[in-house]
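> Could you look at this predicted model? Sequence included:
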Amino acid sequence: MDTIASLFSFITTPVSWVIVQFHKLYGALFGDDTGWAWGLSIVSLVVLIRICLIPLFVKQIKSTRNMQVLQPKMKAIQERYKNDKQRQSEEMMKLYKETGTNPLSSCLPILAQSPFFFALYHVLSAIASGKTIGVIDQPLLDSARQAHIFGAPLAAKFMDSEEKVSALGASLTDVRVVTAIMIVMMSASQFFTQRQLMTKNVDLTVKTPYMQQQKMLMYVFPVIFAVMGINFPVGVLVYWLTTNVWTMGQQMYVINQNPTPGSKAQDQYLNRVLKSVTAHGEVRGRTRRNTVKRIVAKGPDRNDIERKFITGLGKLGLAAQEDGTVAKSEAAILEAEGGAAPKRQQPKRQTKAKRHTAATHSGAAKDSGSTGPESKTSLEKQDASQDDKPKPADKSAASGSSRQAKSGQRKGPQRPKHPSKK
């Protein structure tokens, strides 16, 4: 432990200074030697650190989502180059570079917290041993040793002996009850955080081994925290419980406001947006407009949940615009009801024989149907007009050519057959 403490000794002084500054603030409200003053100082330290880590948390979210999207491509590369590990690594790095994905980004918040965690652990261990550290001098050390959280000293551990706990002015039962409750809460918060990530904010269309690994971690992490927690001082348990609760709340906010495409959370989010549009007739909020804008930009690449949202807008007579707003549109109604406006179909081209048959039937129907006085008048007019016209010289040739045309033969004078073919 001394080796680890020496590695993070460069940050013990800043951590102890921050704790002392918060202790001055809370000490004026609750008293310098109370557990509230020292406990809230540790909580405030966590909040300050996590606020500073928000940019890394955003990178973690983007990296995790990119990794989920890339899982099918990564699996294809592994199967294609399963016998060539070097080529497999090169293709993986090329894929990461093209998509701007960093696999280590998902671990950045944890890695960034590690120095503060070990520095705080070293500070509390020094307080338990009665040693000054950083800017914590002897009066502050005595005050911290007297501070109790629900009867448990800040520097006490679950595995401490009764003599050590008695030296801190507490009973072993109180220490173990308080630490056990905090360990359970710490493990439960870690489990719930991972569970809501797997059940709500994961693309359900992507089934890869990566998802199975994340599901396994949902059960492994709480066990790790429970085993490690029995060796943590109460102050460190306060720190870790606070950071777990912060992570859970932060992730819950992200899931509700910016869910992963294709996840159950996206379906719930778009349903809320659709209800808001139904009630107000517009998309309210910049975040929601940006979401609609991204959906419109996807075009045919939308997933089933996003297409369902566009269809819901169409049933309301609205169409999503490129700037994230909605506008009235009759075409959207048609698209929502039938999927798309019906296209005009061109009639199929008939063969020459079918056209001849149809013309024959239509002519016969006209001849049989024209029996009234009006039809007689029209026939008389046609006969009169035909009498005025000059008659052809050879009726037999005309009738023969017309019969040949009706029978499908070529019109006009026929070429004489070759003498050899007679």
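Perfect, I can see it now.

> so for the longest helix seen in the chain, what's the average pLDDT?
Using DSSP state H, we find that the single longest helix of the chain is helix 172-200. Summarised as a single mean, pLDDT over helix 172-200 is 88.

> Check stretch 33-50 too.
The average pLDDT within stretch 33-50 is 90.

> ok now that stretch, how far from the chain's centre?
Centre-to-centre, stretch 33-50 and its host chain are 35 Å apart (Cα atoms, centre = their mean, to the nearest Å).

> Which residues does it contact?
By Cβ atoms under 8 Å, 6 or more residues apart in numbering, the residues outside stretch 33-50 that reach it are 15, 18-20, 22-23, 26-27, 29-31, 113, 116, 120, 143-144, 146-150, 154, 235, 238-239, 242-243, 246-247, 250. To be clear about C-beta, it is placed using only N, CA and C from the backbone, and glycine gets the same treatment.

> For the residue nearest to the spatial centre of the chain, which non-adjacent residue is closest in space?
Nearest residue to the geometric centre of the chain (Cα atoms, centre = their mean): Thr260, 1.3 Å. Of all residues not flanking Thr260 in the chain, Asn201 sits nearest, at 4.9 Å (Cβ to Cβ, 6 or more residues apart in numbering).

> tell me the contacts of that neighbour?
251, 254-255, 259-260, 263-265.

> ok, now how distant is Met93 from Asn102?
11 Å (Cβ to Cβ, to the nearest Å).

> which residues of the stretch 251-400 of the chain score low on pLDDT?
330-352, 354, 356, 358-400 (pLDDT under 70).

> where do the helices sit along it?
For the stretch 251-400 of the chain, applying DSSP state H, counting those that start in this stretch gives helices covering 264-280, 286-298, 304-315, 330-338, 352-369, 373-388, 395-406.

> mind listing what Ala126 touches?
132-133, 136.

> ok, those residues vs Lys275, which is closest?
Lys275 has its nearest neighbour among the contacts of Ala126 in Ile136, at 53.9 Å by Cβ to Cβ.

> Give me the nearest residue to the closest one, chain neighbours excluded.
Ser16 (5.1 Å).

> Which secondary structure state does that neighbour sit in?
Classification of Ser16 using DSSP: H, G, I helix; E, B strand; the rest coil returns helix.

> Could you count how many residues lie near it?
22 (other Cβ atoms under 10 Å).

> Just confirm Pro141 contacts Ser129, I think it does.
You called it Pro, but residue 141 is Leu. No: in this structure, Leu141 is not within contact of Ser129 by Cβ atoms under 8 Å, at 9.9 Å.

> Between these two, which is the more surrounded one?
Legend: neighbour count by other Cβ under 10 Å for Leu141 and Ser129, higher for Leu141 (17 against 11).

> residues touching the more buried one, list them.
Contacts of Leu141 (Cβ under 8 Å, 6+ apart): 127, 130-132.

> Over to Ser171?
151, 165.

> If we use 7 Å, what do you get?
For Ser171, the contacting residues are Val165, by Cβ atoms under 7 Å, 6 or more residues apart in numbering.

> try Ala297
Counted by Cβ under 7 Å, 6+ apart, Ala297 has zero contacts.

> And for Tyr239?
42, 46, 117, 120.

> at 8 Å instead, please
Per Cβ under 8 Å, 6+ apart, neighbours of Tyr239: 42, 45-46, 117, 120.

> For Asp174, state which of those is nearest.
Closest to Asp174 out of those is Ile42 (18.9 Å), distances taken as Cβ to Cβ.

> re earlier: more neighbours: Met93 and Asn102, which one.
Set side by side, Met93 and Asn102 show more neighbours around Asn102, with 16 against 10, by other Cβ under 10 Å.

> Tell me how far the more buried one lies from Lys59.
8 Å.

> Ok, Phe191 next?
In terms of Cβ to Cβ, Phe191 sits 24 Å off from Lys59.

> what are the ranges of the strands in the stretch 1-150 of the chain?
148-149 (DSSP state E, counting those that start in this stretch).

> Show the buried residues in the contacts of stretch 33-50.
Using 16 or more other Cβ atoms under 10 Å as the burial test, these include 15, 18-20, 22-23, 26-27, 113, 116, 120, 143-144, 146-149, 154, 235, 238-239, 242-243, 246-247, 250 as buried.

> Against Gly35, how distant is the residue lying closest to Phe116 once chain neighbours are set aside?
Excluding its sequence neighbours, the residue lying closest to Phe116 (Cβ to Cβ, 6+ apart) is Ile49, at 5.5 Å. To Gly35, Ile49 is 21 Å away according to Cβ to Cβ.

> again with Glu90
56 Å.

> Of these two, give the one with the bigger neighbour count.
Each of Glu90 and Gly35 has its neighbours counted (other Cβ under 10 Å); Gly35 has more, 22 against 13.

> how near is that one to Leu53?
27 Å.

> Over to Gln146?
Computed with Cβ to Cβ, the distance linking Gln146 and Leu53 is 32 Å.

> ok, now Ser189?
With Cβ to Cβ as the criterion, Ser189 and Leu53 are 17 Å apart.

> One more: Glu282?
From Glu282 to Leu53 the distance is 36 Å (Cβ to Cβ).

> Then Ile136?
Taking Cβ to Cβ, one finds Ile136 at 24 Å from Leu53.

> Repeat that for Ile133.
Taken as Cβ to Cβ, the span from Ile133 to Leu53 is 24 Å.

> same thing with Phe158?
To Leu53, Phe158 is 28 Å away according to Cβ to Cβ.

> Next: Val18.
Relative to Leu53, and taking Cβ to Cβ, Val18 is found at 15 Å.

> What is the neighbour count of Pro261?
There are 19 residues near Pro261, going by other Cβ under 10 Å.

> go on, Ala37?
Quick note: Ala37 (other Cβ under 10 Å) scores 22 neighbours.

> Ok, Asn66 next?
Neighbours around Asn66, by other Cβ under 10 Å: 18.

> just checking, it touches Glu98?
No: between Asn66 and Glu98 there is no contact under Cβ under 8 Å: 11.0 Å.
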